[in-house]
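Peer 1: below are the sequence and a predicted model for it; my questions follow.
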Amino acid sequence: MSGKATGRGELVDPVLEGSAGSDYERYLRTEDLLRLQKPPEERAHRDELLFQVTHQSSELWLKLAAAEVAEATSRIEHREVAAATRLLRRATLAIGYLTDQLGMLEELSPWEYQEIRKVLGHGSGFDSPGFVALRRLLHPLERAFEAEVARAGLDLVELYVEGGRHEQLYQLAEALVSLDAGLQLWRARHHRVVVRVIGDGVVGTQGTPVEVLGRLVAQVAFPRLWEVRNELTARSVGG
């Protein structure tokens, strides 16, 4: 360790490539990031900033969730169950942040939102690249999990009944359930926000009735992990 004193100026002067005034800005590419929202003079309504920031940050959380799910699937395939579980917890946290920030959209005036809606074109949450990517990864994740359960010589009922003997695999199963539950809560919250802002008897920007969005709330990604609860209850009640 050098005994030479280092001046504060040397520590704050940027060393990363870029034109921004600090390494914080250069590393996070804040100049690019903060240009992604419409400037005030281009906004149909001042709340376009709220609308864009909420949805753009949603895409970032979904991107992170998808990356964690993809890596978790790979870890399961390589029999690294504990590592996969931790990654799925991170994905679930990302979905939780995604859900919480929907509260910002509840602060939109239903009438003033109509001004924003006029400039959305045919834009719809159904086209979210982050959610489309995440949804495509859920089935491979399910297959990898089921293969790992089979390798252990178990079925799901046995895994839950004998959970203490297969703790890591049990925790992995519950991590999948938590992720699925988080996605259900997000869909439910999103549906309620849409109803609160535009109503439940109208159509969205792509002509899809809001009631269709409501029916999607009950979808699950890992049905067998929910069905096994019924089987465990029936087994217990049946003695």
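Peer 2: Happy to help now that I have it. Numbers count the residues shown, from 1 in each chain.
Peer 1: count of residues packed around residue 235?
Peer 2: Residue 235: 12 surrounding residues under other C-beta atoms under 10 Å. All C-beta spots, glycine's among them, are computed from the backbone N, C-alpha and C.
Peer 1: swap that for residue 86, please
Peer 2: Neighbour count of residue 86, defined by other C-beta under 10 Å: 14.
Peer 1: show me where pLDDT drops low in the protein?
Peer 2: Along the chain, the parts satisfying pLDDT under 70 run over 1-9, 203-209, 212-213, 239.
Peer 1: after whichever strand or helix holds residue 10 comes which helix or strand?
Peer 2: Under the criterion of DSSP states H and E, residue 10 resides in helix 8-12. Next along the chain after helix 8-12, taking DSSP H and E as the criterion, comes helix 23-28.
Peer 1: just the CA coordinates for the next helix or strand along the chain from that next one, please, in PDB.
Peer 2: Toward the C-terminus, helix 23-28 is succeeded by helix 30-33 as the next helix or strand (DSSP H and E). What follows is helix 30-33, C-alpha atoms only, in PDB (Å, rounded to 0.1, in the frame of the first residue of the first chain):
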ATOM      1  CA  THR A  30     -27.000   8.800 -17.500                       C
ATOM      2  CA  GLU A  31     -26.700  11.200 -20.400                       C
ATOM      3  CA  ASP A  32     -28.300   8.600 -22.600                       C
ATOM      4  CA  LEU A  33     -30.800   7.400 -20.000                       C
END
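Peer 1: helix or strand next in line after helix 30-33, which one?
Peer 2: The C-terminal neighbour of helix 30-33 among helices and strands, as given by DSSP H and E, is helix 48-77.
Peer 1: give me the buried positions along the helix or strand where residue 192 lies.
Peer 2: Following DSSP H and E, one finds residue 192 within helix 167-198. For helix 167-198, burial by neighbour count (16 or more other C-beta atoms under 10 Å) applies to 169-184, 186-187, 189-191, 193-195, 197-198.
Peer 1: what does stretch 135-145 give?
Peer 2: The neighbour-count check on stretch 135-145 (16+ other C-beta under 10 Å) flags 137, 138, 141, 142, 144, 145 as buried.
Peer 1: which one is the first one nearest to, not counting chain neighbours?
Peer 2: Computed as C-beta to C-beta, 6 or more residues apart in numbering, the closest residue to residue 137 that is not its neighbour in sequence is residue 69, at 4.7 Å.
Peer 1: check contacts around the one you found.
Peer 2: Taking C-beta atoms under 8 Å, 6 or more residues apart in numbering, we find residue 69 in contact with 87, 88, 91, 134, 137, 138, 141, 179.
Peer 1: these two touch, right, the fifth one and residue 73?
Peer 2: Yes: between residue 137 and residue 73 a contact is recorded at 6.8 Å, counting by C-beta atoms under 8 Å.
Peer 1: now the angle between helix 48-77 and the helix holding residue 192, please.
Peer 2: Helix 167-198 and helix 48-77 meet at an angle of 160 degrees, taking axes from the mean of the first three to the mean of the last three C-alpha atoms, to 10 degrees as the criterion.
Peer 1: which strands and helices sit next to helix 167-198?
Peer 2: Helix 167-198 sits against helix 81-100, helix 110-117, helix 129-151, helix 156-161, helix 210-215, helix 223-237, with contacts defined as 3 or more C-beta pairs under 8 Å, 6 or more residues apart in numbering; DSSP states H and E.
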